[in-house]
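Enquirer: Turn this into a structure:
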Amino acid sequence: MPTPNELEQYLVCNFPDKEWVGQKVIQILVSDGAIPAFSSAAIKLGELTRDQDISMDDIKNVIEMDPGLSSDCIKVASSAGFGARRISSIQQALMIIGMEQIKRIAFAMGVMKSFNSFKGKVDWDKFWLHSVLVGRLTEKVAEAYRPTTGREYLAGLLHDCGKILLEQYFPEEFCRIITAAQRRRCSHSVVEKGIIGVNHAQLGAAVCASLQAHPEVIQAVLHHHGPFGGSEGKPDDKKFLAACVSVGDALANYAQANITGARVINPDTPIDQLSEWRFLRQYRMAYGLELDLAVEVAATEQDLRAVSA
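Expert: Residues are numbered from 1 along each chain as shown. Now for the predicted structure:
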């Protein structure tokens with residue numbers, strides 16, 4: 001668990017009258033049980049799947065470290081989305097679902113379970129649709145430039161987790177943020193600092209740090225609304241994943257898969273003309289990118305049905 005001083009670095013506020021927000025967030029995050037720890041097995045799984053020589057037995061052994069995750073994966077593999085078969089072991093589940101799908105399910109379940117005690121007025125079905133979709137799209141975009149590590153999906157999945165904290169612990173301020181964003185037809189992040197002194201990306205980074213996520217995931221969540229460049233506008237490789245999350249986020253908004261008050265994108269805008277691509281154009285694509293948003297949304301909905309079964 002990070003110390004209050006370590007969490008403070010993500011919650012820099014330039015409004016003295018709003019510094020209490022960051023202080024309250026730190027108190028929440030260091031409280032025992034405020035946000036349950038993310039499954040260590042799911043984290044290990046993400047690290048393991050970047051190994052080209054990984055075997056089914058390696059994956060099986062990691063999942064079996066976590067009885068709850070094992071049970072959930074078997075439950076998903078037995079669901080209607082995968083043929084409603086009787087599954088009794090992780091080995092069978094892996095054979096049916098496949099390694100990539102099992103990784104996504106493990107991450108999604110780990111994250112959603114960490115926050116499942118949080119209830120509020122937000123349409124959380126829409127929120128998780130957006131989050132899981134951004135996870136898929138971030139991974140898809142990143143793998144066009146470099147071999148994936150397992151962190152791309154997790155970064156996309158967690159990119160808006162700061163909004164959960166906002167809605168749960170700062171409901172009045174969150175309502176004002178949504179109203180202001182709707183009125184100005186802009187992203188929540190544009191109006192958040194004026195209302196609470198920090199934005200949801202900062203809150204999300206602090207949450208990820210408290211969950212002991214990988215530093216690259218924390219930085220991606222912190223910077224997914226930019227800036228992405230280093231000094232003199234040069235590419236900053238440390239922010240590459242953040243830029244991929246930003247593109248995934250924009251594509252999900254383009255597909256209108258988001259909660260109320262999110263950025264509105266003109267559906268007539270060609271996907272490759274979205275401003276979020278600007279930073280990534282400084283890199284050379286090593287692999288091709290084939291993207292069908294309708295297919296990705298449908299696959300995300302299937303993932304969520306399986307996880308919720």
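Enquirer: Pass me the low-pLDDT residue ranges in the chain, would you?
Expert: 32-53, 80-84, 114, 116-122, 229-235, 256-267, 306-309 (pLDDT under 70).
Enquirer: ok, which stretches of the stretch 201-309 of the chain are helices?
Expert: Under the criterion DSSP state H, counting those that start in this stretch, the stretch 201-309 of the chain contains helices at 215-222, 240-254, 293-308.
Enquirer: hey, which of the ones you listed is tucked in deepest?
Expert: Mean neighbour count (mean count of other C-beta atoms under 10 Å) peaks for helix 240-254 among those, with a mean of 26. C-beta coordinates here come from the backbone N, C-alpha and C atoms, glycine included.
Enquirer: Assumed Leu154 was part of a helix.
Expert: Yes. Membership of Leu154 in a helix is supported by DSSP: H, G, I helix; E, B strand; the rest coil.
Enquirer: Identify, by residue count, the longest helix of the protein.
Expert: helix 124-142 (DSSP state H).
Enquirer: Need the helices of the stretch 201-309 of the chain in CSV (columns: distance to Ala142).
Expert: Below are the helices of the stretch 201-309 of the chain laid out as CSV (distance: least, C-beta to C-beta, whole Å):
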stretch, distance to Ala142
helix 215-222, 10
helix 240-254, 4
helix 293-308, 14
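Enquirer: closest one to Ile177 among these?
Expert: Set against Ile177 and scored by C-beta to C-beta, the helices of the stretch 201-309 of the chain come closest in helix 240-254, at 16.2 Å.
Enquirer: Show me how far the longest helix of the chain is from its chain's centre.
Expert: Offset of helix 124-142 from its chain centre (C-alpha atoms, centre = their mean, to the nearest Å): 7 Å.
Enquirer: and that helix, what other elements does it pack with?
Expert: helix 99-115, helix 151-158, helix 161-169, helix 240-254, helix 293-308 (3 or more C-beta pairs under 8 Å, 6 or more residues apart in numbering; DSSP states H and E).
Enquirer: looking at the helices of the stretch 201-309 of the chain, which is closest to Phe279?
Expert: Using C-beta to C-beta, the nearest of the helices of the stretch 201-309 of the chain to Phe279 is helix 240-254, at 4.4 Å.
Enquirer: okay, that closest one in PDB with CA atoms only?
Expert: Only the C-alpha atoms of helix 240-254 are listed here, as PDB (Å, rounded to 0.1, in the frame of the first residue of the first chain):
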ATOM      1  CA  PHE A 240       2.800   6.200 -25.300                       C
ATOM      2  CA  LEU A 241       0.300   4.000 -23.500                       C
ATOM      3  CA  ALA A 242      -1.600   7.100 -22.200                       C
ATOM      4  CA  ALA A 243      -1.900   8.200 -25.900                       C
ATOM      5  CA  CYS A 244      -3.300   4.700 -26.800                       C
ATOM      6  CA  VAL A 245      -5.800   5.000 -24.000                       C
ATOM      7  CA  SER A 246      -6.800   8.500 -25.200                       C
ATOM      8  CA  VAL A 247      -7.400   7.100 -28.700                       C
ATOM      9  CA  GLY A 248      -9.400   4.200 -27.300                       C
ATOM     10  CA  ASP A 249     -11.400   6.600 -25.200                       C
ATOM     11  CA  ALA A 250     -12.200   8.800 -28.200                       C
ATOM     12  CA  LEU A 251     -13.200   5.800 -30.300                       C
ATOM     13  CA  ALA A 252     -15.600   4.600 -27.600                       C
ATOM     14  CA  ASN A 253     -17.100   8.000 -27.400                       C
ATOM     15  CA  TYR A 254     -17.300   8.000 -31.200                       C
END
